[in-house]
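Chemist: A structural model of the following input is requested.
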Amino acid sequence: FRKMANSEEEVLADLLTSLDSYHPTIPEEAVTHYLRRAGFVSEDSRVTKLVALAAHRFLADVANDAMETCKMRQGQSEDAVVLQMEDLARSLADKGVSVVKPEYFAEPNE
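Modeler: Numbering: from 1, shown residues only. Next comes the predicted model:
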């Protein structure tokens, strides 16, 4: 590892300080649950908040890309924009996430 320059250290210190007062959109409990399921445990809430921030950014980027794909598909019509699963799947594929729609859904026996 290389030693960080003073400006990089200052940026990192500012980031860590700002995470203390950050209230993530994705609940910390949900992030902690999935981190633990993946085998990651940290008692530092700033780590959880940082992961929540990254997840929020990822979801926002996917939603924005899907909306742009939808607008291109629908053309210049002034009607309401209808986002479809194909738009979302295309956006996720650009991010390396594969979405496979099942052939059918079966109701569980009760």
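Chemist: quick check: buried residues in whichever helix in the chain runs longest?
Modeler: For the chain, the longest helix by residue count, based on DSSP state H, is helix 45-74. Within helix 45-74, the residues scored as buried using 16 or more other CB atoms under 10 Å are 47-53, 55, 62, 65-66, 69-70. Backbone N, C-alpha and C define where each C-beta goes, glycine included.
Chemist: which one of those is nearest residue 7?
Modeler: Ranked by distance to residue 7 (CB to CB), the buried residues of helix 45-74 are led by residue 50 at 20.0 Å.
Chemist: doesn't residue 19 make contact with the closest one?
Modeler: Yes - taking CB atoms under 8 Å as the definition, residue 50 is a contact partner of residue 19 at 6.1 Å.
Chemist: follow-up on the earlier one: and the angle for the helix or strand following the longest helix of the chain with helix 45-74?
Modeler: Next along the chain after helix 45-74, taking DSSP states H and E as the criterion, comes helix 85-94. Orientation of helix 85-94 against helix 45-74 (axes from the mean of the first three to the mean of the last three CA atoms, to 10 degrees) gives an angle of 130 degrees.
Chemist: list the contacts of helix 85-94.
Modeler: With contacts defined as CB atoms under 8 Å, 6 or more residues apart in numbering, helix 85-94 is touched by 62-63, 65-67, 69-70, 73, 98-99, 101.
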